[in-house]
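> here is a sequence with its predicted model. Questions after.
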Amino acid sequence: MAKIYDLAVKTRTYKDAQGNDKAVWKTVGSILETKSGGKVILLDRTFNPAGCPAEDGRDTVMISMFEPKERGQDAHSEAKANAYQKPDAGLAEDIPF
């Protein structure tokens, strides 16, 4: 079986140092193509869609498909790299003590 897509959900958004909106993505599975040409979804068994942010009162979860990239460099690696970035550093200036 060959992986043809990574499956990911947007877990949150934040603003980078330049004020641009960025997204944080979590990979929740993949789509594989079998030898016979069929497609199979492998879903992370610990993924709970109830934990995904709801948008516009919807009761559905959008799962995006990304073409797999070279190992260690997936389609949403920039967002993943920034996922552990400190929150807006400007917040510290608003604290009065």
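Structure's in. What do you need?
> quick one: contacts for residue 5?
For residue 5, the contact set (CB atoms under 8 Å, 6 or more residues apart in numbering) comprises 30, 31, 65, 66, 67, 68. Bear in mind the C-beta positions are built from the backbone N, C-alpha and C, glycine included.
> host element of it?
strand 2-15 (DSSP states H and E).
> helix or strand right after that strand?
Using DSSP H and E, the helix or strand that follows strand 2-15 in sequence is strand 21-33.
> next, the contact list for the closest residue to residue 21 other than its chain neighbours, please.
Excluding the flanking residues, the one nearest residue 21 by CB to CB, 6 or more residues apart in numbering is residue 13, at 5.6 Å. Neighbouring residues of residue 13 by CB under 8 Å, 6+ apart: 21, 22, 23, 24.
> one more pass at 10 Å, please.
When contacts are counted by CB atoms under 10 Å, 6 or more residues apart in numbering, residue 13 touches 21, 22, 23, 24, 53, 79.
> repeat that for residue 43.
Here residue 43 is in contact with 7, 28, 29, 30, 31, 49, 63 (CB under 10 Å, 6+ apart).
> hey, what's it bridged with?
With DSSP bridges as the criterion, residue 43 is bridged to residue 29.
> give me the pLDDT for it.
We have a pLDDT of 95 for residue 43.
> ok, residue 90 next?
pLDDT at residue 90 comes out at 48.
> so for residue 44, what's the nearest residue that isn't a sequence neighbour?
Closest to residue 44 by CB to CB, 6+ apart is residue 28, at 5.0 Å.
> equivalent analysis for residue 16, please.
Per CB to CB, 6+ apart, closest to residue 16 is residue 22, 5.2 Å.
> ditto for residue 10
Nearest-residue entry for residue 10: residue 23, 4.8 Å, with adjacent residues in sequence omitted and distances by CB to CB, 6+ apart.
> and that neighbour, how far from residue 39?
Going from residue 23 to residue 39 by CB to CB, to the nearest Å gives 26 Å.
> neighbour count: these two, which is higher?
Neighbour totals were compared for residue 23 and residue 39, and residue 23 leads with 17 against 11 (other CB atoms under 10 Å).
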